[in-house]
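Q: predicted structure and sequence below. I'll ask about it afterward.
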Amino acid sequence: QWPGLCVAPEDLGRRSWTVKRPDYFFHSERWPATATLRLQVPRTDFTDHQLREAVAQEAERLQEQARIRMRESGRRFMGPQAVLQAAPEKRATAPEPRVSRNPSFAVGRHRPGAYRRAVQELRAFRDAYTAALCIWRDGDRDVEFPAGTVQMVLVHAARAAPAPNS
């Protein structure tokens, strides 16, 4: 009964969810009544099937690492019954570890070409967004923002280029 999504590797590129705007927090005049989230496959050198396989294998590897760490530390995971009986208002008592990085994207291990392409795409997006925003601030409300611009479109009804896969 908690909100959220469960996504499996086989869902990549195949699923979408349409949800209603909650009655709280999101102002009805600024936010659409419904929104659709499409789980798209990122551009990679993999086929869709290869990507789903790689994601499944990496998820299994990470889960096995977590199992080993828990076993070595003498701890264990809660089972399904314990989770169902847990009080939803209770919080973890151990503090979350502070991390030093907040990455804009992840490309997986040992894929330097993919990392460089992601950096180039992010820089190109930010440059295009900054240029469009400068034109917008100068009063030209017909300027087109790059694909992926969300807040300017939703809050200010700005135009945005269509997504490449649209």
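A: Thanks, I have it.
Q: contacting residues around stretch 27-44?
A: Around stretch 27-44, the neighbours that count as contacts under C-beta atoms under 8 Å, 6 or more residues apart in numbering are 5, 7, 11-21, 48, 51, 114, 154-155, 165. The C-beta positions use only the backbone N, C-alpha and C, and glycine is treated the same way.
Q: so what does the nearest residue to residue 46 once chain neighbours are set aside have for phi and psi?
A: Nearest residue to residue 46 in three dimensions, chain neighbours excluded: residue 54, at 6.5 Å (C-beta to C-beta, 6 or more residues apart in numbering). Per-residue torsions, residue 54: phi -60, psi -40 (degrees, to the nearest 10).
Q: output the below-cut-off pLDDT ranges for this protein.
A: 1-4, 100-102, 165-166 (pLDDT under 70).
Q: which stretches of it form strands?
A: 16-20, 34-38, 144-145, 159-160 (DSSP state E).
Q: dump those strands into CSV; add distance to residue 26 and mean neighbour count as well.
A: Formatted as CSV, those follow (distance: least, C-beta to C-beta, whole Å; neighbours: other C-beta atoms under 10 Å):
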stretch, distance to residue 26, mean neighbour count
strand 16-20, 10, 10
strand 34-38, 10, 11
strand 144-145, 21, 18
strand 159-160, 20, 15
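Q: quick one: which of the ones you listed is nearest residue 79?
A: strand 16-20 (27.8 Å; C-beta to C-beta).
Q: check the offset of the closest one from the chain's centre.
A: Remark: strand 16-20 is offset 15 Å from the chain centroid, using C-alpha atoms, centre = their mean, to the nearest Å.
Q: same thing with stretch 9-27?
A: With C-alpha atoms, centre = their mean, you get 12 Å for stretch 9-27.
Q: the residue nearest to residue 46 against residue 108, yeah?
A: Yes - contact status for residue 54 versus residue 108: in contact at 7.3 Å, counting by C-beta atoms under 8 Å.
Q: tell me the buried residues within the contacts of stretch 27-44.
A: 12, 51, 114 (16 or more other C-beta atoms under 10 Å).
Q: dump the residue contacts of the second one.
A: With contact set as C-beta under 8 Å, 6+ apart, residue 51 has these partners: 12-13, 41-42, 44.
Q: which one of the residues you listed is nearest residue 160?
A: Checking the contacts of residue 51 one by one against residue 160 (C-beta to C-beta), the nearest turns out to be residue 42, at 19.2 Å.
Q: and that closest one, backbone torsions?
A: phi -70, psi 160.
Q: any idea how far residue 129 is from the closest residue in space to residue 56 that isn't next to it in sequence?
A: Among residues not flanking residue 56 along the chain, residue 9 sits closest, at 4.0 Å (C-beta to C-beta, 6+ apart). For residue 9, the distance to residue 129 (C-beta to C-beta, to the nearest Å) stands at 31 Å.
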